[in-house]
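Novice: Give me the fold of what follows.
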Amino acid sequence: MTMLIEVDIAKTLRSAARSFELRARFASASERIVIYGASGAGKSQLLKAVAGLMTPDSGRIVLAGEPLFDSARRLNVTPQRRRVAYLFQDYALFPHLNVRQNIGFGLRRGWFNPAAGVDHEAIRYWLHAFELDAVALQLPHQLSGGQRQRVALARALVADPRALLLDEPFAALDPALRARMRGELDALQRRLRIPMIIITHDPDDVSAFGDHVLRMDAGGIAAAADVELVADGKN
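Specialist: Predicted structure coming up:
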């Protein structure tokens, strides 16, 4: 499954007396895209635009040949219909729902919480795939950092999305766990062949996932980045 994504968007973001200009343009046919840049470069806003969580002022977004946003045509596909999974930096698990419910929420079209013992073939599959069976009835605060990330990934993948968007996916983990979870995500992506876009400021993420690396600065895609130079802190 090869992703062909085209992004050409503009958005002015205002907060009090400050404003930020997002002017992002790129295209890629890679299954593993890393958008690299410092905090405040506009990476999260770009990812939210692709997911449909932020509406650009103008431009277009096309995924696998399907327009998701096109201001000229007044087209703005809803987040649910885009079928892209968004993994937030803090995982955004529902604290009052157990592991099984959190994963099951990814299958629901409304905002009603799944029952505590919700059961579905896809839920059982991801509980087993991520070795979460033993903690299926536990709440997020009872889990380790790695387990919380696995639950968030399972919730993102349970609805069979056509692309996975990850916002600084390892930033909340300690260094040792970070390295292990990079390996797990790398193996998962290669097994499922699910296209993904990762935004990060960590050179190690670039080294692990950077088939196509783009550097973002001051709201724009500055240039394609060289993986080895990023890893050496020179790009």
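Novice: okay, CA-based contacts and neighbour counts for the rest of this
Specialist: Will do.
Novice: any weak-confidence spans in the protein?
Specialist: Within the chain, the ranges that satisfy pLDDT under 70 run 1-3, 108-113, 115, 117, 223-235.
Novice: following the longest helix seen in it, which helix or strand shows up next?
Specialist: Among the elements of the chain assigned as helix by DSSP state H, the one spanning the most residues is helix 175-192. For helix 175-192, the following helix or strand on the C-terminal side (DSSP states H and E) is strand 196-200.
Novice: Can you list the strands that that next one pairs with?
Specialist: strand 32-36 (parallel), strand 163-167 (parallel) (DSSP bridges).
Novice: Just say which of the ones you listed is most tucked in.
Specialist: strand 32-36 (a mean of 25; mean count of other CA atoms under 10 Å).
Novice: related to what we said a few turns ago, alpha carbons of the longest helix of the chain, as PDB, please.
Specialist: Output in PDB follows, covering the C-alpha atoms of helix 175-192 (Å, rounded to 0.1, in the frame of the first residue of the first chain):
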ATOM      1  CA  PRO A 175      15.100   6.900  26.800                       C
ATOM      2  CA  ALA A 176      15.200   3.100  27.200                       C
ATOM      3  CA  LEU A 177      11.500   2.600  26.500                       C
ATOM      4  CA  ARG A 178      11.700   5.100  23.700                       C
ATOM      5  CA  ALA A 179      14.300   2.900  21.900                       C
ATOM      6  CA  ARG A 180      12.200  -0.300  22.400                       C
ATOM      7  CA  MET A 181       8.900   1.300  21.200                       C
ATOM      8  CA  ARG A 182      10.700   2.700  18.100                       C
ATOM      9  CA  GLY A 183      11.600  -0.900  17.300                       C
ATOM     10  CA  GLU A 184       8.100  -2.100  17.900                       C
ATOM     11  CA  LEU A 185       6.600   0.600  15.700                       C
ATOM     12  CA  ASP A 186       9.200  -0.100  13.000                       C
ATOM     13  CA  ALA A 187       8.300  -3.800  13.000                       C
ATOM     14  CA  LEU A 188       4.600  -3.100  13.000                       C
ATOM     15  CA  GLN A 189       4.700  -0.700  10.100                       C
ATOM     16  CA  ARG A 190       6.800  -3.100   8.000                       C
ATOM     17  CA  ARG A 191       4.400  -6.000   8.800                       C
ATOM     18  CA  LEU A 192       1.200  -4.100   8.100                       C
END
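Novice: quick one, helices of this protein?
Specialist: 43-51, 79-82, 99-105, 121-129, 145-157, 175-192, 203-209, 227-231.
Novice: Let me have those helices in CSV, extended by mean neighbour count and distance to Gln89.
Specialist: Shown next, in CSV, are the helices of the chain (neighbours: other CA atoms under 10 Å; distance: least, CA to CA, whole Å):
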stretch, mean neighbour count, distance to Gln89
helix 43-51, 23, 10
helix 79-82, 14, 18
helix 99-105, 27, 16
helix 121-129, 17, 20
helix 145-157, 23, 9
helix 175-192, 14, 13
helix 203-209, 20, 14
helix 227-231, 17, 21
